[in-house]
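I need the structure of the sequence given here:
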Amino acid sequence: MSAIGWLVFVIAAYILVLIVIGYIGFKSTEATVEDYYLGGRSLGWIVLTGTTIATYASMWTFLGAVGGNYRLGIAFVSMMMFWNILWPLMFWFLGTKVWLLGKKFRYITYSELVNDYYDSKLLGIIAAVFGILALLPYIAVQLMGGGIVIETFTHGSISFATGVIITFVFMVLFISLAGLKSVVWTDTFQGIFFLTVMVALALYAVKLVGGFGPMFDKLEKMKPVLLTHGKFGFGLWIGFVFTWGMAVLLPHMFQRLMMARDPRIIGKTTIASSILSGWVQSVPVFILGLACVILFPGISRKATDSLTVMFSTKHLSAPLAALVIGGAFAAGTSTLNSQLLTASSLFLRDLIVSPFNLEISSRKETLYGRIIVLLLGFLVIVIALSRPGLIVPISTAGTAICISSYLYPLIGIIFWRKADKKAAYASMLSAGITSILTWLVWPFPFGIYNVLWGFIVGGVFFFVFSLANTKGLTKRQKEVAALLSFEE
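Numbering: from 1, shown residues only. As a prediction, the model looks like this:
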(Lines give C-alpha, C1' and ligand atoms only; values in the text may rest on other atoms or scores of the structure.)
Protein backbone atom coordinates (compact mmCIF):
# COMPACT_ATOMS: atom_id res chain seq x y z
CA MET A 1 0.00 0.00 0.00
CA SER A 2 1.28 3.49 -0.85
CA ALA A 3 2.01 6.16 1.76
CA ILE A 4 -1.18 8.00 0.80
CA GLY A 5 -3.12 4.75 1.06
CA TRP A 6 -1.81 4.18 4.58
CA LEU A 7 -2.64 7.77 5.46
CA VAL A 8 -6.23 7.36 4.28
CA PHE A 9 -6.53 4.06 6.15
CA VAL A 10 -5.17 5.43 9.44
CA ILE A 11 -7.20 8.63 9.32
CA ALA A 12 -10.35 6.68 8.44
CA ALA A 13 -9.75 4.28 11.36
CA TYR A 14 -8.97 7.21 13.64
CA ILE A 15 -12.15 9.01 12.64
CA LEU A 16 -14.16 5.82 13.15
CA VAL A 17 -12.84 5.47 16.72
CA LEU A 18 -13.67 9.12 17.46
CA ILE A 19 -17.15 8.72 15.99
CA VAL A 20 -17.85 5.71 18.21
CA ILE A 21 -16.56 7.47 21.33
CA GLY A 22 -18.28 10.68 20.32
CA TYR A 23 -21.58 8.93 19.70
CA ILE A 24 -21.54 7.47 23.19
CA GLY A 25 -20.98 10.96 24.56
CA PHE A 26 -23.63 12.39 22.25
CA LYS A 27 -26.24 9.89 23.44
CA SER A 28 -25.57 10.85 27.07
CA THR A 29 -25.66 14.59 26.35
CA GLU A 30 -28.92 16.23 27.31
CA ALA A 31 -30.32 19.18 25.41
CA THR A 32 -29.14 21.64 28.04
CA VAL A 33 -26.58 24.41 27.81
CA GLU A 34 -24.58 23.10 30.79
CA ASP A 35 -24.38 19.62 29.29
CA TYR A 36 -23.37 20.92 25.86
CA TYR A 37 -20.68 23.32 27.09
CA LEU A 38 -19.61 21.94 30.51
CA GLY A 39 -20.50 18.26 30.44
CA GLY A 40 -23.13 18.83 33.11
CA ARG A 41 -20.39 19.81 35.63
CA SER A 42 -19.98 16.08 36.27
CA LEU A 43 -16.44 15.08 35.27
CA GLY A 44 -14.20 12.85 37.38
CA TRP A 45 -10.47 13.44 37.68
CA ILE A 46 -9.38 10.96 34.99
CA VAL A 47 -11.58 12.46 32.28
CA LEU A 48 -10.95 16.04 33.46
CA THR A 49 -7.20 15.40 33.37
CA GLY A 50 -7.51 13.81 29.95
CA THR A 51 -9.48 16.65 28.40
CA THR A 52 -7.36 19.34 30.09
CA ILE A 53 -4.04 17.86 28.96
CA ALA A 54 -5.34 17.14 25.47
CA THR A 55 -6.79 20.63 25.18
CA TYR A 56 -3.58 22.24 26.40
CA ALA A 57 -1.28 20.14 24.19
CA SER A 58 -1.93 20.92 20.54
CA MET A 59 -0.28 21.17 17.14
CA TRP A 60 1.72 23.82 18.98
CA THR A 61 3.34 20.99 20.97
CA PHE A 62 3.50 18.26 18.35
CA LEU A 63 4.90 20.46 15.60
CA GLY A 64 5.76 23.95 16.87
CA ALA A 65 7.49 22.95 20.11
CA VAL A 66 9.68 20.38 18.34
CA GLY A 67 10.71 23.15 15.96
CA GLY A 68 11.26 25.51 18.90
CA ASN A 69 13.63 23.05 20.57
CA TYR A 70 15.40 22.55 17.23
CA ARG A 71 16.00 26.30 16.94
CA LEU A 72 16.65 27.23 20.60
CA GLY A 73 17.51 24.07 22.52
CA ILE A 74 17.92 24.58 26.29
CA ALA A 75 16.41 28.07 26.09
CA PHE A 76 13.16 26.60 24.78
CA VAL A 77 12.85 23.51 26.96
CA SER A 78 13.58 25.53 30.10
CA MET A 79 10.60 27.73 29.27
CA MET A 80 8.48 24.71 28.47
CA MET A 81 9.29 22.95 31.75
CA PHE A 82 8.44 26.06 33.76
CA TRP A 83 5.11 26.76 32.10
CA ASN A 84 4.07 23.09 32.04
CA ILE A 85 4.42 22.99 35.82
CA LEU A 86 3.06 26.51 36.40
CA TRP A 87 -0.26 26.05 34.61
CA PRO A 88 -1.33 23.01 36.70
CA LEU A 89 -0.49 25.03 39.83
CA MET A 90 -2.69 27.84 38.54
CA PHE A 91 -5.40 25.27 37.82
CA TRP A 92 -5.31 24.33 41.51
CA PHE A 93 -4.86 27.90 42.80
CA LEU A 94 -7.89 29.27 40.93
CA GLY A 95 -9.84 26.08 40.34
CA THR A 96 -11.77 25.58 43.57
CA LYS A 97 -12.83 29.22 43.79
CA VAL A 98 -13.95 29.40 40.16
CA TRP A 99 -15.74 26.03 40.55
CA LEU A 100 -17.66 27.32 43.58
CA LEU A 101 -18.72 30.47 41.75
CA GLY A 102 -19.74 28.56 38.63
CA LYS A 103 -21.72 26.01 40.60
CA LYS A 104 -23.51 28.63 42.71
CA PHE A 105 -24.33 31.18 40.02
CA ARG A 106 -24.47 28.85 36.97
CA TYR A 107 -21.72 30.58 34.99
CA ILE A 108 -20.68 29.01 31.69
CA THR A 109 -17.95 31.46 30.61
CA TYR A 110 -15.46 33.93 32.08
CA SER A 111 -17.47 36.74 30.49
CA GLU A 112 -20.59 35.76 32.43
CA LEU A 113 -18.57 35.81 35.64
CA VAL A 114 -17.22 39.36 35.20
CA ASN A 115 -20.55 40.57 33.79
CA ASP A 116 -22.42 39.40 36.87
CA TYR A 117 -19.85 40.36 39.53
CA TYR A 118 -19.20 43.87 38.22
CA ASP A 119 -22.81 44.32 37.05
CA SER A 120 -21.77 45.29 33.55
CA LYS A 121 -22.93 43.66 30.34
CA LEU A 122 -20.49 45.80 28.38
CA LEU A 123 -17.58 44.39 30.39
CA GLY A 124 -18.78 40.89 29.55
CA ILE A 125 -18.95 41.85 25.87
CA ILE A 126 -15.38 43.23 25.94
CA ALA A 127 -14.17 40.05 27.65
CA ALA A 128 -15.87 37.91 25.01
CA VAL A 129 -14.30 39.96 22.19
CA PHE A 130 -10.80 39.60 23.66
CA GLY A 131 -11.42 35.90 24.23
CA ILE A 132 -12.48 35.36 20.62
CA LEU A 133 -9.52 37.44 19.36
CA ALA A 134 -7.18 35.15 21.28
CA LEU A 135 -8.89 31.94 20.18
CA LEU A 136 -9.14 32.62 16.44
CA PRO A 137 -5.38 32.58 15.69
CA TYR A 138 -4.93 29.67 18.10
CA ILE A 139 -7.65 27.66 16.34
CA ALA A 140 -6.11 28.58 12.99
CA VAL A 141 -2.82 27.09 14.20
CA GLN A 142 -4.53 23.70 14.63
CA LEU A 143 -5.82 23.81 11.05
CA MET A 144 -2.40 24.97 9.81
CA GLY A 145 -0.88 22.00 11.62
CA GLY A 146 -3.27 19.63 9.87
CA GLY A 147 -2.29 21.12 6.53
CA ILE A 148 1.44 20.93 7.28
CA VAL A 149 1.20 17.33 8.46
CA ILE A 150 -0.69 16.06 5.42
CA GLU A 151 1.35 18.06 2.90
CA THR A 152 4.69 16.94 4.39
CA PHE A 153 3.67 13.30 4.75
CA THR A 154 2.50 13.06 1.13
CA HIS A 155 5.50 15.07 -0.16
CA GLY A 156 3.14 17.64 -1.62
CA SER A 157 0.79 15.21 -3.36
CA ILE A 158 -1.93 16.57 -1.08
CA SER A 159 -1.52 20.33 -0.78
CA PHE A 160 -1.40 22.36 2.41
CA ALA A 161 -4.77 23.92 1.57
CA THR A 162 -6.40 20.53 1.05
CA GLY A 163 -4.98 19.30 4.35
CA VAL A 164 -6.41 22.35 6.12
CA ILE A 165 -9.83 21.72 4.59
CA ILE A 166 -9.77 18.01 5.53
CA THR A 167 -9.00 18.92 9.14
CA PHE A 168 -11.65 21.62 9.11
CA VAL A 169 -14.43 19.47 7.68
CA PHE A 170 -13.89 16.60 10.06
CA MET A 171 -13.51 18.55 13.29
CA VAL A 172 -16.12 21.24 12.71
CA LEU A 173 -18.74 18.68 11.69
CA PHE A 174 -17.85 16.53 14.70
CA ILE A 175 -18.18 19.44 17.15
CA SER A 176 -21.35 20.83 15.61
CA LEU A 177 -23.05 17.45 16.00
CA ALA A 178 -21.61 16.52 19.39
CA GLY A 179 -21.13 18.42 22.62
CA LEU A 180 -18.80 18.63 25.57
CA LYS A 181 -19.35 15.04 26.73
CA SER A 182 -18.30 13.77 23.33
CA VAL A 183 -15.36 16.16 23.34
CA VAL A 184 -13.99 15.17 26.76
CA TRP A 185 -14.10 11.45 26.06
CA THR A 186 -12.46 11.81 22.65
CA ASP A 187 -9.96 14.22 24.26
CA THR A 188 -8.98 11.56 26.78
CA PHE A 189 -8.40 9.02 24.02
CA GLN A 190 -6.50 11.54 21.90
CA GLY A 191 -4.36 12.72 24.81
CA ILE A 192 -3.20 9.17 25.58
CA PHE A 193 -2.58 8.53 21.88
CA PHE A 194 -0.65 11.77 21.39
CA LEU A 195 1.62 11.33 24.45
CA THR A 196 2.34 7.70 23.53
CA VAL A 197 3.35 8.64 19.99
CA MET A 198 5.57 11.49 21.18
CA VAL A 199 7.41 9.33 23.75
CA ALA A 200 7.94 6.57 21.17
CA LEU A 201 9.30 9.03 18.59
CA ALA A 202 11.73 10.56 21.08
CA LEU A 203 13.11 7.18 22.18
CA TYR A 204 13.56 6.04 18.58
CA ALA A 205 15.27 9.31 17.65
CA VAL A 206 17.77 8.85 20.49
CA LYS A 207 18.50 5.34 19.23
CA LEU A 208 19.15 6.65 15.70
CA VAL A 209 21.71 9.21 16.91
CA GLY A 210 23.55 6.63 19.04
CA GLY A 211 22.16 7.27 22.53
CA PHE A 212 21.85 10.21 24.91
CA GLY A 213 25.58 10.66 25.50
CA PRO A 214 26.60 10.65 21.83
CA MET A 215 23.65 12.94 21.00
CA PHE A 216 24.86 15.67 23.35
CA ASP A 217 28.48 15.15 22.28
CA LYS A 218 27.51 15.68 18.65
CA LEU A 219 25.45 18.76 19.53
CA GLU A 220 28.39 20.21 21.43
CA LYS A 221 30.43 20.04 18.22
CA MET A 222 27.68 20.96 15.72
CA LYS A 223 25.77 23.70 17.54
CA PRO A 224 26.92 24.29 21.14
CA VAL A 225 24.65 27.33 21.50
CA LEU A 226 21.69 24.94 21.80
CA LEU A 227 23.09 23.63 25.09
CA THR A 228 23.23 27.12 26.60
CA HIS A 229 20.63 29.81 27.08
CA GLY A 230 21.84 31.30 23.80
CA LYS A 231 20.67 34.67 22.56
CA PHE A 232 17.04 34.27 23.58
CA GLY A 233 16.45 37.35 25.74
CA PHE A 234 15.05 37.12 29.25
CA GLY A 235 12.17 39.48 28.38
CA LEU A 236 10.95 37.02 25.75
CA TRP A 237 11.75 33.97 27.89
CA ILE A 238 9.75 35.10 30.91
CA GLY A 239 6.97 36.33 28.61
CA PHE A 240 6.52 32.85 27.13
CA VAL A 241 6.58 31.32 30.63
CA PHE A 242 3.85 33.64 31.92
CA THR A 243 1.72 33.36 28.78
CA TRP A 244 1.48 29.57 28.80
CA GLY A 245 1.84 29.28 32.58
CA MET A 246 -1.34 31.37 32.93
CA ALA A 247 -3.11 29.43 30.18
CA VAL A 248 -5.96 28.48 32.53
CA LEU A 249 -7.27 31.99 31.83
CA LEU A 250 -7.86 31.13 28.18
CA PRO A 251 -11.61 30.75 27.60
CA HIS A 252 -11.52 27.04 26.73
CA MET A 253 -9.20 26.23 29.66
CA PHE A 254 -11.18 28.43 32.07
CA GLN A 255 -14.33 26.47 31.33
CA ARG A 256 -12.55 23.32 32.49
CA LEU A 257 -12.32 24.81 35.96
CA MET A 258 -16.11 24.50 36.15
CA MET A 259 -16.49 20.97 34.78
CA ALA A 260 -15.48 18.95 37.85
CA ARG A 261 -17.99 16.87 39.77
CA ASP A 262 -16.71 18.32 43.06
CA PRO A 263 -13.75 20.46 44.26
CA ARG A 264 -11.61 17.44 45.23
CA ILE A 265 -11.45 16.48 41.56
CA ILE A 266 -9.52 19.69 40.87
CA GLY A 267 -6.73 18.73 43.29
CA LYS A 268 -6.35 15.26 41.76
CA THR A 269 -6.37 16.77 38.26
CA THR A 270 -3.62 19.20 39.29
CA ILE A 271 -1.31 16.41 40.47
CA ALA A 272 -1.88 14.28 37.36
CA SER A 273 -1.52 17.25 34.99
CA SER A 274 1.75 18.45 36.54
CA ILE A 275 3.30 15.03 35.91
CA LEU A 276 1.90 14.50 32.42
CA SER A 277 2.42 18.04 31.17
CA GLY A 278 5.60 18.89 33.07
CA TRP A 279 7.49 15.69 32.21
CA VAL A 280 5.74 13.21 29.90
CA GLN A 281 5.00 15.99 27.40
CA SER A 282 7.99 18.35 27.76
CA VAL A 283 10.94 15.95 27.81
CA PRO A 284 10.14 13.88 24.67
CA VAL A 285 9.48 17.04 22.64
CA PHE A 286 12.86 18.42 23.74
CA ILE A 287 14.69 15.18 22.91
CA LEU A 288 13.08 14.87 19.47
CA GLY A 289 13.90 18.49 18.64
CA LEU A 290 17.60 18.07 19.54
CA ALA A 291 17.88 14.73 17.74
CA CYS A 292 16.51 16.36 14.59
CA VAL A 293 19.37 18.90 14.71
CA ILE A 294 21.71 15.97 14.03
CA LEU A 295 19.41 14.10 11.65
CA PHE A 296 18.20 17.15 9.66
CA PRO A 297 20.83 19.90 9.92
CA GLY A 298 20.22 23.31 8.37
CA ILE A 299 16.41 23.37 8.29
CA SER A 300 15.04 26.90 7.78
CA ARG A 301 12.76 28.60 10.32
CA LYS A 302 9.27 27.95 8.94
CA ALA A 303 10.20 24.44 7.78
CA THR A 304 11.05 23.47 11.38
CA ASP A 305 7.31 23.19 12.05
CA SER A 306 7.40 20.10 9.79
CA LEU A 307 10.24 18.27 11.55
CA THR A 308 8.09 15.71 13.39
CA VAL A 309 6.54 14.56 10.13
CA MET A 310 9.85 14.77 8.22
CA PHE A 311 11.43 12.50 10.83
CA SER A 312 8.56 10.02 10.61
CA THR A 313 8.44 9.79 6.84
CA LYS A 314 12.21 9.29 6.56
CA HIS A 315 12.89 6.92 9.45
CA LEU A 316 9.64 4.96 9.88
CA SER A 317 7.73 2.57 7.67
CA ALA A 318 4.65 3.95 5.93
CA PRO A 319 2.17 2.36 8.39
CA LEU A 320 4.06 3.70 11.43
CA ALA A 321 4.52 7.11 9.84
CA ALA A 322 0.78 7.20 9.17
CA LEU A 323 0.21 6.45 12.88
CA VAL A 324 2.33 9.50 13.70
CA ILE A 325 0.01 11.54 11.51
CA GLY A 326 -2.79 10.19 13.67
CA GLY A 327 -0.87 11.45 16.71
CA ALA A 328 -0.61 14.89 15.13
CA PHE A 329 -4.34 14.91 14.50
CA ALA A 330 -4.88 13.85 18.09
CA ALA A 331 -2.82 16.81 19.30
CA GLY A 332 -4.55 19.32 17.06
CA THR A 333 -8.14 18.17 17.05
CA SER A 334 -8.31 17.66 20.81
CA THR A 335 -7.49 21.35 21.19
CA LEU A 336 -9.45 22.64 18.22
CA ASN A 337 -12.73 21.03 19.28
CA SER A 338 -12.64 22.62 22.73
CA GLN A 339 -11.59 26.00 21.36
CA LEU A 340 -14.37 26.12 18.78
CA LEU A 341 -16.94 24.98 21.31
CA THR A 342 -15.83 27.70 23.73
CA ALA A 343 -15.70 30.37 21.02
CA SER A 344 -19.26 29.39 20.14
CA SER A 345 -20.38 29.87 23.75
CA LEU A 346 -18.65 33.28 23.94
CA PHE A 347 -20.23 34.45 20.71
CA LEU A 348 -23.73 33.20 21.41
CA ARG A 349 -24.11 33.75 25.15
CA ASP A 350 -21.94 36.83 25.68
CA LEU A 351 -22.39 38.74 22.43
CA ILE A 352 -26.01 37.89 21.61
CA VAL A 353 -28.12 36.32 24.37
CA SER A 354 -26.93 38.34 27.38
CA PRO A 355 -26.61 41.84 25.82
CA PHE A 356 -30.08 41.68 24.30
CA ASN A 357 -31.76 39.88 27.22
CA LEU A 358 -32.95 37.11 24.94
CA GLU A 359 -34.88 34.22 26.40
CA ILE A 360 -34.44 31.07 24.37
CA SER A 361 -34.83 27.46 25.33
CA SER A 362 -31.81 25.29 26.10
CA ARG A 363 -32.59 23.17 23.05
CA LYS A 364 -32.58 26.20 20.74
CA GLU A 365 -29.45 27.64 22.34
CA THR A 366 -27.66 24.35 21.79
CA LEU A 367 -28.81 24.34 18.13
CA TYR A 368 -27.64 27.94 17.61
CA GLY A 369 -24.33 27.04 19.26
CA ARG A 370 -23.77 24.32 16.66
CA ILE A 371 -24.53 26.76 13.83
CA ILE A 372 -22.07 29.30 15.24
CA VAL A 373 -19.39 26.59 15.40
CA LEU A 374 -19.78 26.19 11.64
CA LEU A 375 -19.68 29.94 10.97
CA LEU A 376 -16.60 30.51 13.14
CA GLY A 377 -14.98 27.52 11.48
CA PHE A 378 -15.25 29.18 8.07
CA LEU A 379 -13.63 32.36 9.44
CA VAL A 380 -10.74 30.41 10.96
CA ILE A 381 -10.09 28.47 7.76
CA VAL A 382 -9.45 31.77 5.96
CA ILE A 383 -6.82 32.67 8.55
CA ALA A 384 -5.21 29.23 8.35
CA LEU A 385 -5.02 29.23 4.56
CA SER A 386 -3.06 32.50 4.66
CA ARG A 387 -0.38 30.64 6.68
CA PRO A 388 0.79 33.80 8.48
CA GLY A 389 3.99 32.44 10.07
CA LEU A 390 5.53 30.07 12.61
CA ILE A 391 3.10 28.18 14.82
CA VAL A 392 4.68 29.10 18.17
CA PRO A 393 4.83 32.92 17.85
CA ILE A 394 1.35 33.22 16.30
CA SER A 395 -0.47 31.34 19.03
CA THR A 396 1.64 32.71 21.91
CA ALA A 397 1.29 36.39 21.03
CA GLY A 398 -2.44 35.99 20.36
CA THR A 399 -2.91 34.13 23.63
CA ALA A 400 -1.19 36.98 25.50
CA ILE A 401 -4.05 39.34 24.61
CA CYS A 402 -6.53 37.24 26.52
CA ILE A 403 -4.23 36.33 29.43
CA SER A 404 -3.30 39.94 30.23
CA SER A 405 -6.82 41.35 29.85
CA TYR A 406 -8.50 38.61 31.92
CA LEU A 407 -6.07 38.54 34.86
CA TYR A 408 -6.90 41.63 36.91
CA PRO A 409 -10.71 41.52 36.82
CA LEU A 410 -10.44 37.93 38.09
CA ILE A 411 -8.06 39.05 40.86
CA GLY A 412 -10.70 41.61 41.81
CA ILE A 413 -13.37 38.92 42.07
CA ILE A 414 -11.36 36.38 44.05
CA PHE A 415 -8.80 38.32 46.09
CA TRP A 416 -8.97 42.14 45.89
CA ARG A 417 -12.19 43.46 47.39
CA LYS A 418 -11.61 47.12 46.54
CA ALA A 419 -11.89 46.48 42.80
CA ASP A 420 -14.98 47.99 41.19
CA LYS A 421 -16.44 48.25 37.71
CA LYS A 422 -14.13 51.12 36.72
CA ALA A 423 -11.02 49.20 37.77
CA ALA A 424 -12.18 46.16 35.79
CA TYR A 425 -12.88 48.25 32.68
CA ALA A 426 -9.59 50.13 32.91
CA SER A 427 -7.43 47.07 33.44
CA MET A 428 -9.12 44.90 30.81
CA LEU A 429 -9.06 47.51 28.07
CA SER A 430 -5.57 48.84 28.81
CA ALA A 431 -4.01 45.37 29.11
CA GLY A 432 -5.73 43.97 26.01
CA ILE A 433 -4.99 46.98 23.81
CA THR A 434 -1.39 47.18 25.06
CA SER A 435 -0.85 43.50 24.23
CA ILE A 436 -2.21 44.04 20.72
CA LEU A 437 -0.08 47.14 20.10
CA THR A 438 3.11 45.55 21.42
CA TRP A 439 2.57 42.60 19.11
CA LEU A 440 1.28 44.04 15.83
CA VAL A 441 2.32 47.72 15.89
CA TRP A 442 5.51 47.85 17.96
CA PRO A 443 6.54 44.20 18.32
CA PHE A 444 7.96 43.38 21.76
CA PRO A 445 9.49 46.77 22.72
CA PHE A 446 12.93 46.55 24.36
CA GLY A 447 12.87 42.77 23.94
CA ILE A 448 9.93 42.36 26.36
CA TYR A 449 7.07 40.08 25.33
CA ASN A 450 3.64 41.60 24.80
CA VAL A 451 2.00 39.74 27.70
CA LEU A 452 4.34 41.47 30.15
CA TRP A 453 3.50 44.89 28.76
CA GLY A 454 -0.16 44.00 29.16
CA PHE A 455 0.42 42.91 32.77
CA ILE A 456 2.32 46.11 33.61
CA VAL A 457 -0.09 48.60 32.05
CA GLY A 458 -3.21 46.69 33.09
CA GLY A 459 -1.90 46.32 36.64
CA VAL A 460 -1.23 50.02 37.02
CA PHE A 461 -4.73 50.97 35.85
CA PHE A 462 -6.33 48.25 37.97
CA PHE A 463 -4.77 49.23 41.29
CA VAL A 464 -4.98 52.99 40.73
CA PHE A 465 -8.71 52.78 40.02
CA SER A 466 -9.22 50.26 42.83
CA LEU A 467 -7.55 52.47 45.42
CA ALA A 468 -9.69 55.40 44.27
CA ASN A 469 -12.87 53.39 44.84
CA THR A 470 -14.89 54.58 47.85
CA LYS A 471 -18.07 52.59 47.21
CA GLY A 472 -19.13 49.55 49.20
CA LEU A 473 -19.76 46.08 47.85
CA THR A 474 -22.85 45.37 45.79
CA LYS A 475 -25.26 42.60 46.77
CA ARG A 476 -23.67 40.14 44.34
CA GLN A 477 -20.16 41.05 45.48
CA LYS A 478 -21.14 40.40 49.09
CA GLU A 479 -22.55 37.01 48.10
CA VAL A 480 -19.29 36.16 46.31
CA ALA A 481 -17.22 37.35 49.27
CA ALA A 482 -19.23 35.18 51.63
CA LEU A 483 -19.00 32.17 49.33
CA LEU A 484 -15.23 32.51 49.05
CA SER A 485 -14.91 33.04 52.85
CA PHE A 486 -13.72 36.60 52.79
CA GLU A 487 -13.98 38.48 56.05
CA GLU A 488 -16.96 40.77 56.15
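
Distance-wise, check the spatially most central residue of the chain relative to Gly5.
With distances taken as C-alpha atoms, centre = their mean, Tyr56 lies nearest the centre of the chain, 4.4 Å away. Distance of Tyr56 to Gly5, given as C-beta to C-beta, to the nearest Å: 33 Å. Placement of C-beta: from N, CA and C, glycine included.

Could you verify my assumption that the residue nearest to the centre of the chain touches Thr335?
Yes - between Tyr56 and Thr335 there is a contact under C-beta atoms under 8 Å: 7.5 Å.

Any regions of the stretch 51-200 of the chain where pLDDT drops low?
Low-confidence segments of the stretch 51-200 of the chain (pLDDT under 70): 171-182.

Helices of that one, start to end?
For the stretch 51-200 of the chain, the helices defined by DSSP state H, counting those that start in this stretch cover 59, 66-72, 74-105, 110-117, 121-153, 160-177, 180-208.

Identify, out of those, the most deeply packed stretch.
Across the helices of the stretch 51-200 of the chain, averaging neighbours per residue (mean count of other C-beta atoms under 10 Å) puts helix 59 on top, at a mean of 30.

still on that earlier bit, give the contact list for the residue nearest to the centre of the chain.
Tyr56 is in contact with Trp87, Ala247, Met253, Ser277, Thr335, counting by C-beta atoms under 8 Å, 6 or more residues apart in numbering.

Excluding sequence neighbours, find me the nearest residue to the first one.
Computed as C-beta to C-beta, 6 or more residues apart in numbering, the closest residue to Trp87 that is not its neighbour in sequence is Ala247, at 4.9 Å.

Show the contacting residues for that neighbour.
So Ala247 contacts Tyr56, Trp83, Trp87, Met90, Met253, Thr399, Ile403 (C-beta under 8 Å, 6+ apart).

for those, which one is nearest Gly147?
Thr399 (20.7 Å; C-beta to C-beta).

so how far is Leu250 from Ser345?
13 Å.

how much space between Leu379 and Ile372?
11 Å.

Repeat that for Ala321.
36 Å.

Low-confidence stretches in the stretch 351-488 of the chain?
Using pLDDT under 70, the flagged stretches of the stretch 351-488 of the chain are 388-395, 486-488.

picking that back up, more neighbours, Leu379 and Ile372?
Neighbour totals were compared for Leu379 and Ile372, and Ile372 leads with 21 against 13 (other C-beta atoms under 10 Å).

residues touching the more buried one, list them.
Ala343, Ser344, Phe347, Leu348 are the contacts of Ile372 under C-beta under 8 Å, 6+ apart.

Please repeat the previous calculation with a cut-off of 6 Å.
Contacts for Ile372 were tallied using C-beta atoms under 6 Å, 6 or more residues apart in numbering; they are Ser344, Phe347, Leu348.

thinking again about what came up before, among the contacts of Tyr56, which lie within helices?
The helices, defined by DSSP state H, take in Trp87, Met253, Thr335 from these.

so, if you compare those, which one comes nearest to Phe463?
Trp87 (24.8 Å).

wouldn't the closest one be in contact with Gly245 here?
Yes - with contact defined as C-beta atoms under 6 Å, Trp87 counts as touching Gly245 (5.3 Å).

any idea how far the residue nearest to the centre of the chain lies from Gln477?
32 Å.

Kindly report the same for Val457.
25 Å.

again, but for Ile11
Counting by C-beta to C-beta, the gap from Ile11 to Gln477 is 51 Å.

for Leu43, phi and psi?
phi -80, psi 140 (degrees, to the nearest 10).

now swap in Ile108 and tell me
The phi/psi pair for Ile108 (degrees, to the nearest 10) is phi -110, psi -40.

if I pick it, what's in contact with it?
Per C-beta under 6 Å, 6+ apart, neighbours of Ile108: Tyr37, Ser345.

Offset the numbering so it begins at 13, please.
With 13 as the first residue, the last one maps to Ile120.

And the next helix or strand past the helix or strand where Val22 lies?
Under the criterion of DSSP states H and E, Val22 resides in helix 15-39. The helix or strand immediately downstream of helix 15-39 is helix 45-50, counting by DSSP H and E.

re earlier: next, format the helices of the stretch 63-212 of the chain as JSON lines and append distance to Ala438.
Below are the helices of the stretch 63-212 of the chain laid out as JSON lines (distance: least, C-beta to C-beta, whole Å):
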{"stretch": "helix 71", "distance to Ala438": "36"}
{"stretch": "helix 78-84", "distance to Ala438": "35"}
{"stretch": "helix 86-117", "distance to Ala438": "22"}
{"stretch": "helix 122-129", "distance to Ala438": "13"}
{"stretch": "helix 133-165", "distance to Ala438": "11"}
{"stretch": "helix 172-189", "distance to Ala438": "36"}
{"stretch": "helix 192-220", "distance to Ala438": "34"}
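
Show me the one of those helices that comes nearest Pro421.
helix 122-129 (5.0 Å).

Tell me which other helices or strands the closest one touches.
Counting contacts by 3 or more C-beta pairs under 6 Å, 6 or more residues apart in numbering; DSSP states H and E, helix 122-129 packs against helix 133-165.

Compute the inter-axis angle for the helix it packs on and helix 122-129.
Relative orientation of helix 133-165 versus helix 122-129 (axes from the mean of the first three to the mean of the last three C-alpha atoms, to 10 degrees): 170 degrees.

roughly how far out does helix 133-165 sit from the chain middle?
Centroid separation between helix 133-165 and its chain, computed with C-alpha atoms, centre = their mean, to the nearest Å, is 9 Å.

do the same with stretch 455-463
Remark: stretch 455-463 is offset 21 Å from the chain centroid, using C-alpha atoms, centre = their mean.

can you check stretch 321-339 too?
25 Å.

how about Thr164, what does it touch?
So Thr164 contacts Ser318, Val321 (C-beta under 6 Å, 6+ apart).

could you redo the last one with a cut-off of 7 Å?
Under the criterion of C-beta atoms under 7 Å, 6 or more residues apart in numbering, the neighbours of Thr164 are Ser318, Val321, Met322, Thr325.

Likewise for Asn81?
Asn81 touches Phe88, Val89, Val297, Phe298, Gly301, Leu302, counting by C-beta under 7 Å, 6+ apart.

Not counting residues beside it along the chain, what's closest to it?
Nearest one to Asn81, counting by C-beta to C-beta, 6+ apart, is Gly301 at 2.6 Å.

need the contact list for the one you found.
When contacts are taken as C-beta under 7 Å, 6+ apart, Gly301 is in contact with Val78, Gly80, Asn81, Tyr82.
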